[in-house]
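Trainee: Generate coordinates for the sequence data below:
(one chain, ligands or ions: 1)
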Amino acid sequence: MTGHAGAERDGVDWAALRAQAARAMERAYAPYSGFPVGAAALVDDGRTVVGCNVENASYGLALCAECGLVSALHATGGGRLRAFACVDRAGSALMPCGRCRQLLYEHGGPALLVDTPEGIRTLDALLPQAFGPRDLDPGEPQAGGEPGRGWGPPIP
Ligand SMILES: O=c1ccn([C@H]2C[C@H](O)[C@@H](CO)O2)c(=O)[nH]1
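Mentor: Residues are numbered from 1 along each chain as shown. All right, here's what the predicted structure looks like:
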């Protein structure tokens, strides 16, 4: 895929997703870096989850916006991430850091659509030959394979 996304692409309203990421960015707690980040993602059941970065006086403990998003994914019912957008203070697309690409891979797999400054890309292009659940146990579905509701035991 090339070029930057219009409002709709791959059935995703990217403008709306970016707007939700921007709203989450406004709630970031980033007093140390002064670099607020917001993230939003579409889940396979149609809902949207968001996250913002949350820093700490112990600088290395900063939680990226993607961490909050993944926690929100599970806290609100689980599922698989299908499309992801992350923005900076200006509302511009921001690339997820390396650690967060791995986080996203676990919950969206290689086909996850990611909004980048160069256009919509699949996560596979941003994290090639990714390490994933299948590397731990060949019997397990790879991230992005079976759209299960999560890896843990069912919640009663
Ligand atoms: O993908 C990223 C990259 C950076 N940050 C945050 C971490 C830190 O709080 C601030 C500056 O690195 O931006 C994110 O939330 N997500």
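Trainee: List the buried residues of stretch 85-92.
Mentor: Residues of stretch 85-92 classed as buried by neighbour count (16 or more other CB atoms under 10 Å): 85, 86, 87, 89. To be clear about C-beta, it is placed using only N, CA and C from the backbone, and glycine gets the same treatment.
Trainee: Run through who's touching the lowest-mean-pLDDT helix or strand in the chain.
Mentor: The weakest-scoring helix or strand in the chain, judged by mean pLDDT, DSSP states H and E, is strand 8-9 (a mean of 77). Residues outside strand 8-9 that contact it (CB atoms under 8 Å, 6 or more residues apart in numbering) are 14, 120.
Trainee: Each with direction, which strands does that strand pair with?
Mentor: Strand pairing for strand 8-9, using DSSP bridges, gives strand 12-13 (antiparallel).
Trainee: Name the residues of the helix or strand that the strand it pairs with is followed by that come out as buried.
Mentor: Later in the chain than strand 12-13, the nearest helix or strand by DSSP states H and E is helix 14-25. Across helix 14-25, burial judged by 16+ other CB under 10 Å covers 14, 17, 18, 19, 20, 21, 22, 24, 25.
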